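Visitor: Have a look; sequence and predicted model below, questions after that.
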Amino acid sequence: MRLNSYDDFTPLKEVVLGSADGYLDRVRDMSFDMFISDNLSGARGYYPSLSTWRDSEERRERNSPHRLAMKERFLGELVEDVEGLAAQLTALGVTVHRPRQPDPGLTRVATPAFEATVTPPLNVRDNTLVLGDEIIETPPMLRDRYFETQFLKPVFQDYFRQGARWTTMPRPMMTDHSFDPANVAHAAPNIEVPLDPRDSPYDVGLELMIDGANCLRLGRDLIVNVSNANHALAHDWLERHLDGRLRVHRMDRLTQSHIDSVVVPLRPGTLLLRDPGVVDYLPKALRGWDTIVPPPPGIDDYPQYENGDPIPASPYIDLNVLSVDERTVLVNDACKTLIATLERHGFDAVPVRHRHRRIFGGGFHCFTLDTVRTGGAEDYLA
């Protein structure tokens, strides 16, 4: 089918689902040394990293026998759960596309300005925006994700042959001085923070960088979460590029980065929110929508880890749900509180297993990139 995706809730026909297989090849490189935070609750949690941009005791001990065995077990179960999601989507009649796998020998890449590790294409939502009939590859804020969309090229090429537009936002040089220095105080897990910035012959000043998961798609409207100067430049680029086609709205500092486990449109007129205070950050036209704010999940909603294993603090990743249509929502099968809340509001919650989401930092929305939905450029904010 031709590329067509303007929202996150009309009937889903085709989707790209990321792959966790490559992480198994990188198990010795991974460390749970990055953190998720949000501005509303202050909750913080672990997030895995292949980068070495922030030293920590966790990174220095990442390959002790206990840690290595832990990572191998968690990663094996992550692969199982992602493949289970693929099977569930197929059973619901959705065509599932998959990215190419990195060659196991591909561990580092280089540009004129930096060297970095290679992150496998699991959270495919992050570095691409699909806006109607256009694929937009976004400029990431982590060097080790710089080439991640290369693994999606076969899928994008097929859509291009069928008539899709295909655009890449300006690729940043990503020297140390490319990053907003204000990030240091509030680093999110997907924002690079050079702690000792060094001059480079390739310095061009602050550059535009942003992830697709900073954005909320609502028909003819795109809402962009801006938390730093890099995001602000990217917002301006999107506003100019989409002028006359979509309306671009700036939303300031709802989170430090991604918003798809903070505000989730489930259908026209209904939002799933992490906290009632989210409403104050939204564009005025969205503040009148009905809201669903589930209670925080209980301790039994998550796996309990052995002594010495990381135990993240943030309980909110399960709001990162994936809607198959305006009634059907894929939800983590362990999150009984959220399932019950959605069912009380008339949704069909389809339980799908994802055991270690508080460690790996991604949910069903992060793992997927919807490429074909039936909806069009509707004016949901009228």
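Guide: That came through, no problem.

Visitor: Compute the number of surrounding residues for residue 199.
Guide: 9 (other C-beta atoms under 10 Å). Quick note: C-beta positions are derived from backbone N, CA and C, even for glycine.

Visitor: Could you report the pLDDT at it?
Guide: Confidence at residue 199, expressed as pLDDT, is 97.

Visitor: now swap in the one 5 residues further on and tell me
Guide: With respect to pLDDT, residue 204 scores 98.

Visitor: from memory it sits against residue 173, does it?
Guide: Yes: contact status for residue 204 versus residue 173: in contact at 5.7 Å, counting by C-beta atoms under 8 Å.

Visitor: who's more crowded, the two?
Guide: Just comparing residue 204 and residue 173: by other C-beta under 10 Å the higher neighbour count belongs to residue 173, 17 against 12.

Visitor: From what I see, that one and residue 146 are in contact.
Guide: No: in this structure, residue 173 is not within contact of residue 146 by C-beta under 8 Å, at 10.6 Å.

Visitor: State the helix or strand in which the residue lying closest to residue 366 once chain neighbours are set aside lies.
Guide: Nearest-residue entry for residue 366: residue 123, 4.4 Å, with adjacent residues in sequence omitted and distances by C-beta to C-beta, 6 or more residues apart in numbering. For residue 123, there is no helix or strand it lies in under DSSP states H and E.

Visitor: tell me the contacts of residue 123?
Guide: 18, 213, 362, 366-367 (C-beta atoms under 8 Å, 6 or more residues apart in numbering).

Visitor: 6 Å - rerun?
Guide: 18, 362, 366 (C-beta atoms under 6 Å, 6 or more residues apart in numbering).

Visitor: Next one: residue 25, what pLDDT does it get?
Guide: 76.

Visitor: Could you measure from residue 7 over to residue 374?
Guide: 10 Å (C-beta to C-beta, to the nearest Å).

Visitor: if you count what's nearby, which of those two comes out ahead?
Guide: residue 7 (24 against 13).

Visitor: can you confirm that one is in a helix?
Guide: No: looking at residue 7 with DSSP: H, G, I helix; E, B strand; the rest coil, it is coil, so not inside a helix.

Visitor: Flag every buried residue along stretch 372-382.
Guide: By neighbour count on 16 or more other C-beta atoms under 10 Å, the buried set for stretch 372-382 is 372-373, 375, 380-381.

Visitor: any idea of the mean pLDDT for it?
Guide: Computed over stretch 372-382, the average pLDDT equals 97.

Visitor: Name the member of the contacts of residue 123 with the most neighbours.
Guide: residue 362 (29 neighbours).

Visitor: Just give the nearest non-adjacent residue to that residue, would you?
Guide: Spatially, and ignoring its direct neighbours in sequence, residue 362 is nearest to residue 123 (4.6 Å; C-beta to C-beta, 6+ apart).

Visitor: any idea how far that neighbour is from residue 170?
Guide: Distance from residue 123 to residue 170, by C-beta to C-beta: 22 Å.

Visitor: Tell me which stretches of the stretch 201-350 of the chain form helices.
Guide: Secondary structure of the stretch 201-350 of the chain (DSSP state H, counting those that start in this stretch): helices located at 229-241, 336-344.

Visitor: Can you lay out these as a markdown table showing mean pLDDT?
Guide: Formatted as a markdown table, those follow (pLDDT from 0 to 100):
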| stretch | mean pLDDT |
| --- | --- |
| helix 229-241 | 98 |
| helix 336-344 | 95 |
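
Visitor: With distance to residue 78 added, can I get the ones you listed in JSON lines?
Guide: Formatted as JSON lines, the helices of the stretch 201-350 of the chain follow (distance: least, C-beta to C-beta, whole Å):
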{"stretch": "helix 229-241", "distance to residue 78": "29"}
{"stretch": "helix 336-344", "distance to residue 78": "20"}
